[in-house]
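Novice: Sharing a sequence plus its predicted fold:
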Amino acid sequence: MRLPRKGLSNAVVDVYSALKPVLAVMDGIVGMEGEGATNGTPVGSKVVISGADCVSVDAVASEVVGFLHRDIMTTRFAHERGLGVGMLDEIDVVGEKIEDVRMEFKKSKYFAYKFPDFLRKYLFGFAEKVLRVEISEDVCKKCGICIKSCPSSAITLEPQAFIDQKKCIKCYCCMNYARTELWN
């Protein structure tokens with residue numbers, strides 16, 4: 001599991017500030033609860049959220065699935081930088097009320113994301129060295145979905161399926177997109 005970090009969250013907000021979209025549409029028809037992209041459980045949320053302010057869309061979506069909007073670092077940091085409205089009491093929600101569509105998604109069993117940074121670094125610094133994303137030779141069909149979805153170009157399939165662990169950023173896009181393809 002890759003734990004959220006202020007550095008990564010700030011980097012995401014940096015990209016957003018440079019490439020700020022004019023419309024966000026969040027497809028929440030099916031959401032993933034629990035352990036995220038790798039071991040999460042699909043949930044039929046049946047919600048679509050859209051808006052001209054992407055930060056507001058994220059804040060509302062967080063609340064819809066049972067997280068406090070102010071606990072989502074990217075939303076909070078973007079709001080603090082003036083890139084959008086990330087405080088729920090400042091957002092004009094049109095259409096369904098949040099309380100009418102709110103769901104309590106199962107949270108990750110890993111509570112470590114709540115630890116202070118210094119403690120998290122100490123406890124989990126070693127884990128990043130040993131955690132590996134790997135391809136199961138028994139399951140791999142060499143369809144290439146994982147390669148297309150990998151933002152760090154860490155995957156090759158020839159002569160055999162292989163993930164370069166030095167390039168892998170443990171975003172689990174490879175697993176998430178492969179599962180999405182299998183569901184369709």
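Specialist: Thanks, I have the structure now. The model shown is predicted, which means the values in this text are computed figures rather than measured ones. Residues are numbered from 1 along each chain as shown.

Novice: who's sitting farthest from the centroid in the chain?
Specialist: Pro159 (31.2 Å; C-alpha atoms, centre = their mean).

Novice: Surely it is within a helix?
Specialist: No. Under DSSP: H, G, I helix; E, B strand; the rest coil, Pro159 falls outside any helix and is assigned coil.

Novice: how much space between it and Pro42?
Specialist: 34 Å (C-beta to C-beta, to the nearest Å). Where you see a C-beta, it was placed from the backbone N, CA and C, and this is true even at glycine.

Novice: Then Arg76?
Specialist: Where Pro42 is concerned, Arg76 sits at a distance of 27 Å (C-beta to C-beta).

Novice: Show me which of the two is the more surrounded one.
Specialist: Arg76 (19 against 13; other C-beta atoms under 10 Å).

Novice: that's a helix at the more buried one, yeah?
Specialist: Yes. Checked against three-state DSSP, Arg76 lies within a helix.

Novice: Surely Leu68 and Ser62 touch.
Specialist: Yes. With contacts defined as C-beta atoms under 8 Å, Leu68 counts as touching Ser62 at a distance of 7.0 Å.

Novice: what about the two, which has more around it?
Specialist: Taking neighbours as other C-beta under 10 Å, Leu68 and Ser62 compare with Ser62 leading, 19 against 11.

Novice: what sits against the more buried one?
Specialist: Applying C-beta atoms under 8 Å, 6 or more residues apart in numbering to Ser62 gives the contacts Leu68, His69, Asp71, Ile72, Thr75.

Novice: at 6 Å instead, please
Specialist: Residues near Ser62 by C-beta atoms under 6 Å, 6 or more residues apart in numbering: His69, Ile72.

Novice: Thank you, goodbye.
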